[in-house]
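for reference, the sequence and a predicted model appear below.
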Amino acid sequence: TDAGSLTPFCWFVVGLATVITVAVWLPAFGSVGAYRSFLLSFRLDRHFRAVTRCPGIFVRILISALALVIAGQLVAFALLLAVPVLGVAVSAAVGLYSWFTIAHLVGLWFRWHGDELGTIYLGRPVS
């Protein structure tokens, strides 16, 4: 099935699933990076508490991450269709920029709210 034959409901479900996935991925990614424990990635209860403890910055990071992922994919598809060889190189560069920027934003969230998030994930402030 090509993209043109998908129904609007299907696109809605894909969009909603993408938002939910990124919303869970951001605190999971940040907790593993900040506290060096892969097991924290599975603690959905702690991710939910982290998001509700710092909702303002989380929403800004979520919107930025979604915008970077969507823009990166659109650029990649457009370039790959127009100029396949150059498109691969530019697509890789745009993708890397997007992922490094998202990682940086998540790192800022965990640095700026270290005491609150440390209490949630480790049971003690990090300071």
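That came through, no problem.

okay, now the unreliable bits of this structure?
Applying pLDDT under 70 to the chain flags the ranges 1-4, 127.

just the helices in it please.
Along the chain, counting by DSSP state H, helices occupy 8-35, 44-53, 55-82, 84-112, 114-122.

most tightly packed of the ones you listed?
When you average the neighbours per residue for each of these (mean count of other C-beta atoms under 10 Å), helix 114-122 leads with a mean of 18. No exception for glycine: its C-beta is placed from N, CA and C like everyone else's.

just how off-centre is that one within its chain?
Remark: helix 114-122 is offset 20 Å from the chain centroid, using C-alpha atoms, centre = their mean, to the nearest Å.

go on, stretch 51-68?
9 Å.

hey, C-alpha coordinates of it in CSV?
Output of stretch 51-68 as CSV, limited to C-alpha atoms (Å, rounded to 0.1, in the frame of the first residue of the first chain):
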residue,chain,number,x,y,z
VAL,A,51,6.8,14.3,33.1
THR,A,52,4.2,15.5,35.5
ARG,A,53,6.8,17.0,37.8
CYS,A,54,8.3,19.2,35.1
PRO,A,55,5.5,19.5,32.5
GLY,A,56,6.5,22.9,30.9
ILE,A,57,10.0,22.0,29.8
PHE,A,58,8.9,18.5,28.9
VAL,A,59,6.2,19.8,26.5
ARG,A,60,8.7,22.1,24.8
ILE,A,61,11.2,19.3,24.4
LEU,A,62,8.5,16.9,23.1
ILE,A,63,7.4,19.5,20.5
SER,A,64,11.0,20.2,19.5
ALA,A,65,11.8,16.5,19.2
LEU,A,66,8.7,15.8,17.1
ALA,A,67,9.5,18.8,14.8
LEU,A,68,13.1,17.6,14.4
